[in-house]
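Asks: sequence first, predicted coordinates after that:
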Amino acid sequence: MNSIFWERAHGGLTHLPIALNFAAAFFDALAFFCRRSSRRREFKAIGYWLVIFGALGSLGAVLSGLVLTKGVIGGTGAVLWHHYFVWPAFILIVGLATWRFLVGREPSRRAFKLYLAVILVGCSLMGAAGFFGGEMLLGH
């Protein structure tokens, strides 16, 4: 298969996990800050499943990116910057999803507070990786 296929596959496979992880952070934050809401448990359940599905989806994004780069991690210019941000984001998101899966939907308040801080860092890293991914497409 040619590189145009993998460019399109990578672009298509990255957007869903990004959206799922951003939505997970949003619903988990709602669950944390809306302690008295009757929907708190629903927000927490939604965040739980979204981060797990987001992490699973990120595997396809990473695999298609590795095929696209022929397994080269690093590079120069925007590719290098993309990799600086995407690998830490990937590790954080997969780690957080694994932790959520093992702990379940009701971690302690203190642990959940730390989780929220880390998922926000992961979302920031994903956003930066996406920015430099776009820069590669635009040729800057």
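Replies: That came through fine. Numbering: from 1, shown residues only.
Asks: strands of this protein, start to end?
Replies: For the chain, strands defined by DSSP state E do not occur.
Asks: where are the low-confidence patches of it?
Replies: In the predicted model, the chain carries pLDDT under 70 at residues 1, 140.
Asks: what do you get if the cut-off is 90, keeping everything else the same?
Replies: Scanning the chain with the threshold set as pLDDT under 90 gives 1-12, 35-37, 68-79, 104-106, 133-140.
Asks: backbone dihedrals for the residue lying farthest from the centre of it, please?
Replies: Most distant from the centre of the chain: residue 36, at 28.5 Å, with distances by CA atoms, centre = their mean. Main-chain torsions, residue 36, degrees, to the nearest 10: phi -90, psi 0.
Asks: quick one: contacts for it?
Replies: By CB atoms under 8 Å, 6 or more residues apart in numbering, the contact list for residue 36 is empty. Bear in mind the C-beta positions are built from the backbone N, C-alpha and C, glycine included.
Asks: could we number from 44 for the rest of this?
Replies: With the count now opening at 44, the last piece we talked about shows up as residue 79.
Asks: any idea how far the closest residue to residue 86 other than its chain neighbours is from residue 150?
Replies: Excluding the flanking residues, the one nearest residue 86 by CB to CB, 6 or more residues apart in numbering is residue 74, at 3.8 Å. Separation of residue 74 from residue 150 (CB to CB, to the nearest Å) stands at 11 Å.
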